[in-house]
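Novice: sequence and predicted structure are below.
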Amino acid sequence: YALTAGSQPIRGGRTIRAEYLHRSKDLARWEYLHQFLENDHWGLVGDDGACPYFWPIGPKHILLHFSHMSGGKYMLGDYDTARDKFVVTGGGDFNFGPVAPSGVHAPSAVPDGKGGIIAIFNMNPGMATKGWNQIMTLPRRLTLAGTSDLAIEPVAAVTSLRRSHVRVGKTTLPANQEVVLPGVAGNAMEIDAEFEPSGAGVIELNVLRAPGREEVTRIQFYRNRGYVNRDAKQQSSALSIDSSSSSTLPGVRLRVPETASFFVGPDEPLRLRVFVDRSVVEVFANGRQCAAVRVYPGRPDSVGVSLRSQGSETVLTSLDAWQMADIYRGLKPAP
């Protein structure tokens with residue numbers, strides 16, 4: 001079997017995403033069967049279904065793909081093997097804005113043998129460079145949380161890159177005051193921070209910060225400010241990465257803030273796992289959401305980390321930070 005991805009026309013001269021199913025006995029002569037998707041209401045008008053990866057995930061199936069309009073996406077649903085149809089029951093995004101600049105692009109995916117999926121994405125650049133400049137995200141492990149929600153975590157193996165460790169214990173963040181964390185700094189690091197529930201309008205974790213804030217990348221959490229799920233009668237929270245002040249270099253193409261919704265319970269703490277790798281910032285929130293952008297600090301001293309609680313105080317339960325080793329260390333370059 002093979003899927004060819006693309007789009008199909010609808011009324012009004014627009015298109016929607018499509019996947020076309022084919023089969024062959026010898027990989028030379030192919031028979032077209034039919035449109036593979038059924039009941040798909042989770043895409044945008046104008047999306048297409050490029051780079052499809054179709055796999056089982058828990059009791060469901062997932063189809064990861066790329067839209068040339070809105071970046072990396074997925075559909076969840078049931079595989080009707082009798083009719084060779086994918087009946088779509090849910091869906092979502094891995095990219096929360098335009099494809100470029102600096103967006104999460106196409107996926108590659110494979111089952112992990114434990115009911116989950118390992119996915120990795122290429123990312124678009126936000127600055128012109130000489131020669132090849134495509135990169136990959138961290139590998140992510142995707143699993144089902146319940147029957148319709150996707151859980152997202154970095155693969156466990158990333159912890160093998162941890163080196164020197166700094167820990168910040170329980171700290172009260174005063175309202176409306178930036179707190180720079182001494183001893184926590186770097187441009188290739190992991191940060192694991194947990195915050196108690198609070199009434200703060202925004203909890204902010206800043207990375208790649210210059211001493212005078214000439215450059216800074218702002219990671220922001222807005223409790224109960226995301227999309228309203230009318231079916232579940234609940235409002236989600238929002239995770240945002242604001243890279244508008246990340247670089248003072250003239251050639252950087254700025255991206256609108258990358259903002260993703262996810263649900264956080266009223267008494268649930270916030271946990272952020274932040275990975276900084278020079279031109280990449282990836283943020284995993286409560287194991288339910290991930291947002292990523294590319295940034296290009298131009299100053300060598302843009303390595304600081306700070307916290308801020310807007311409106312009212314917030315308690316930082318703990319923050320652990322590690323410098324991260326180079327995965328290519330010890331490898332010989334290709335001849």
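Specialist: Yep, it's here.
Novice: the least confident helix or strand in the chain by mean pLDDT: how far from the chain's middle?
Specialist: Taking mean pLDDT, DSSP states H and E as the measure, the chain has strand 228-229 as its least confident helix or strand, at a mean of 84. Computed by Cα atoms, centre = their mean, to the nearest Å, the chain-centroid distance of strand 228-229 equals 20 Å.
Novice: with stretch 316-324 instead?
Specialist: 20 Å.
Novice: pretty sure Val283 sits in a strand.
Specialist: Yes. Remark: Val283 belongs to a strand, assigned using DSSP: H, G, I helix; E, B strand; the rest coil.
Novice: partners of it in the sheet?
Specialist: Val274, Ala291 (DSSP bridges).
Novice: surely it is in contact with Ile241?
Specialist: Yes. Using Cβ atoms under 8 Å, Val283 makes contact with Ile241 at a distance of 6.3 Å. Yep, even glycine has a C-beta here, placed from its N, CA and C like the rest.
Novice: please enumerate the helices of the stretch 201-335 of the chain.
Specialist: Using DSSP state H, counting those that start in this stretch, the stretch 201-335 of the chain contains no helices.
Novice: low-confidence stretches in it?
Specialist: Scanning the stretch 201-335 of the chain for pLDDT under 70 picks out 330-335.
Novice: Arg140 contacts Ala151, doesn't it?
Specialist: No. Contact criterion Cβ under 8 Å: Arg140 and Ala151 do not qualify, at 10.0 Å.
Novice: more neighbours: which of these two?
Specialist: Arg140 (22 against 16; other Cβ atoms under 10 Å).
Novice: give me the pLDDT value at the more buried one.
Specialist: pLDDT recorded at Arg140 is 98.
Novice: what's the pLDDT at the residue lying closest to it once chain neighbours are set aside?
Specialist: Counting by Cβ to Cβ, 6 or more residues apart in numbering, Arg140 lies nearest to Ala119, which is 5.2 Å off, once chain neighbours are set aside. What the model reports for Ala119 is a pLDDT of 98.
Novice: where does the stretch 1-150 of the chain have low pLDDT?
Specialist: Using pLDDT under 70, nothing in the stretch 1-150 of the chain is flagged.
Novice: quick one, strands of it?
Specialist: Per DSSP state E, counting those that start in this stretch, the stretch 1-150 of the chain carries strands over the ranges 2-9, 15-24, 30-35, 37-38, 50-57, 60-67, 71-80, 85-93, 104-111, 117-123, 135-136, 140-145, 149-154.
Novice: can I get the ones you listed in TSV including distance to Gly287?
Specialist: Below are the strands of the stretch 1-150 of the chain laid out as TSV (distance: least, Cβ to Cβ, whole Å):
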stretch	distance to Gly287
strand 2-9	29
strand 15-24	28
strand 30-35	34
strand 37-38	28
strand 50-57	15
strand 60-67	17
strand 71-80	16
strand 85-93	15
strand 104-111	18
strand 117-123	15
strand 135-136	21
strand 140-145	8
strand 149-154	5
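Novice: so for Thr259, which of these sits nearest?
Specialist: strand 85-93 (10.9 Å; Cβ to Cβ).
Novice: so what touches the closest one?
Specialist: Identification of contacts with strand 85-93 by Cβ atoms under 8 Å, 6 or more residues apart in numbering yields 19, 34, 36-43, 54, 60-61, 63, 70-80, 148, 150, 260.
Novice: let's see it at 7 Å
Specialist: When contacts are defined by Cβ atoms under 7 Å, 6 or more residues apart in numbering, strand 85-93 is touched by residues 36-40, 42-43, 61, 63, 70, 73-80, 148, 150.
Novice: what of stretch 38-47?
Specialist: By Cβ under 7 Å, 6+ apart, stretch 38-47 touches 14-17, 67, 69-70, 75, 85-88, 90-91.
Novice: can we see that at 10 Å?
Specialist: 7, 10, 12, 14-19, 37, 49, 63, 65-71, 73-78, 80, 83, 85-93 (Cβ atoms under 10 Å, 6 or more residues apart in numbering).
Novice: what sits against Gly72?
Specialist: Gly72 sits in contact with 51, 64-66, 92-96, 99, 103-107, 119, 121-123, 137, 292, where contact means Cβ under 10 Å, 6+ apart.
Novice: repeat that for 6 Å
Specialist: 66, 94-95, 104, 107, 121 (Cβ atoms under 6 Å, 6 or more residues apart in numbering).
Novice: over to Ile57?
Specialist: 117, 144.
Novice: kindly state the beta-bridge partners for it.
Specialist: Going by DSSP bridges, Ile57 forms beta bridges with Lys60.
Novice: tell me if Ser160 really is in a strand.
Specialist: No. Using three-state DSSP, the secondary structure at Ser160 is helix, not a strand.
Novice: the residue nearest to Arg288 when sequence neighbours are not counted - how many residues pack around it?
Specialist: Closest residue in space to Arg288, ignoring its immediate chain neighbours: Phe262 at 4.5 Å, by Cβ to Cβ, 6+ apart. By the measure other Cβ under 10 Å, the count of residues near Phe262 is 22.
Novice: done for today, thanks.
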